[in-house]
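Novice: Here's my sequence, what's the structure:
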Amino acid sequence: MKGLKKLAAVAISGCALLASPVFAGQLSVNGSTTVLPIMQAATEAYTNDNPETTFSVAGTGSGNGIRAVIDGMADIGMSSRWIKDSEVKQAHENGVYIVPFAVASDGIVPVVHPDNPVKELTSEQLRGIYNGSITNWKEVGGEDKRIVSISRDSSSGTYGVWVDTVLKGDRVSPATQLLPSNGAIVQAVTSNRNAIGYVGIGYLNDKLQPLKLDGVEPSHDTVRDGSWPVARTLWVFTNNWPQGETLKFIQYVLHPEQGQKAVESTGYVPLY
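Specialist: Predicted structure coming up:
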């Protein structure tokens, strides 16, 4: 199913690239904080070549980005997950035809403080930490310290993928702290030696210790070849087929020598 979604998005984007009308103006981009660094880098590079175009870019969460497109409040919605059936229904009721474009690949990576001696977990151990059945680091080979589990909130596409893939339908423990962005999780984990969180691969830095999962190292290569267990496609959505400056910008994002370079520069995995 994931492959079909990606193939469909590539086919859609290929058709869109054939369109021609281009008009300058202001574009509103809203949604996923995972996709946000990609769009920030791409819009900056784009405006260097197209100074007549301006952008408003906001990281509000995947659900909010899709909703903004449905409600006519954004030209482009960023999402780190596929659109939900309920969102498709809402769009239809609003007379909106949502069109998807795959822009990058990503791995969601569990991270801890660099001083934490735990460097690897199994999928079941990670599931236990987030459903609350494992509460102390000594249970997974670490110190006798209470685990401070940190998660994205439920409006996040990253949260949805994490719950589906890691928790396999379990509820997130009530003890888990819910935060609104990747950046907030980075800050929380770097300031707490006993914390564990998860971020998109583009948010990894030297103040975080990424954990191996089932013996697999998180990297561009393992995301690309499918061996990283929590990999996904990153998307942007538009209302109907993009035209004018929206089309021109999406063409730019999908171009291997243009926007896909922005994907790579922000630490994510280019598609082309």
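
Novice: Against residue 102, how distant is residue 43?
Specialist: Spatial separation of residue 43 from residue 102 under the definition C-beta to C-beta, to the nearest Å is 18 Å. C-beta here means a position set from N, CA and C on the backbone, and glycine is covered the same way.

Novice: With neighbour numbers in mind, choose between those two.
Specialist: A count of neighbours by other C-beta atoms under 10 Å puts residue 43 above the other of residue 43 and residue 102, at 24 against 20.

Novice: Who's the closest spatial neighbour of the more buried one, skipping the chain neighbours?
Specialist: Closest residue in space to residue 43, ignoring its immediate chain neighbours: residue 55 at 4.3 Å, by C-beta to C-beta, 6 or more residues apart in numbering.

Novice: Now do the SS call for the one you found.
Specialist: Taken by DSSP: H, G, I helix; E, B strand; the rest coil, the conformation at residue 55 corresponds to strand.

Novice: Write down the beta-bridge partners of it, one by one.
Specialist: Under the criterion DSSP bridges, residue 55 forms beta bridges with residue 27.

Novice: distance of it from residue 28?
Specialist: 8 Å.

Novice: Ok, residue 85 next?
Specialist: Residue 85 sits at a distance of 25 Å from residue 28 (criterion: C-beta to C-beta).

Novice: More neighbours: which of these two?
Specialist: When residue 85 and residue 28 are compared for neighbours, residue 28 comes out ahead with 17 against 8, by other C-beta under 10 Å.

Novice: sorry, back to before: return the residues in contact with the residue nearest to residue 43.
Specialist: The contact partners of residue 55, taken as C-beta atoms under 8 Å, 6 or more residues apart in numbering, are 26, 27, 28, 29, 43, 46, 47.

Novice: Confirm for me that the second one is in contact with residue 58.
Specialist: No: counting by C-beta atoms under 8 Å, residue 27 sits too far from residue 58 to count as a contact (11.9 Å).

Novice: since we're on residue 33, how many residues are nearby?
Specialist: Around residue 33 sit 27 other residues, with neighbours defined as other C-beta under 10 Å.

Novice: Show the contacting residues for it.
Specialist: When contacts are counted by C-beta under 8 Å, 6+ apart, residue 33 touches 59, 60, 61, 156, 180, 181, 182, 183.

Novice: Now distance to residue 222 too, for the residues you listed, in a markdown table please.
Specialist: What follows is those, written out as a markdown table (distance: C-beta to C-beta, whole Å):
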| residue | distance to residue 222 |
| --- | --- |
| 59 | 26 |
| 60 | 30 |
| 61 | 26 |
| 156 | 23 |
| 180 | 28 |
| 181 | 25 |
| 182 | 19 |
| 183 | 24 |
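
Novice: Now rank those by neighbours and give me the top one.
Specialist: residue 61 (27 neighbours).

Novice: tell me the secondary structure for the nearest residue to that residue once chain neighbours are set aside?
Specialist: Distances taken as C-beta to C-beta, 6+ apart place residue 155 nearest to residue 61, at 4.1 Å, with adjacent residues excluded. State at residue 155, reduced to three classes by three-state DSSP: coil.
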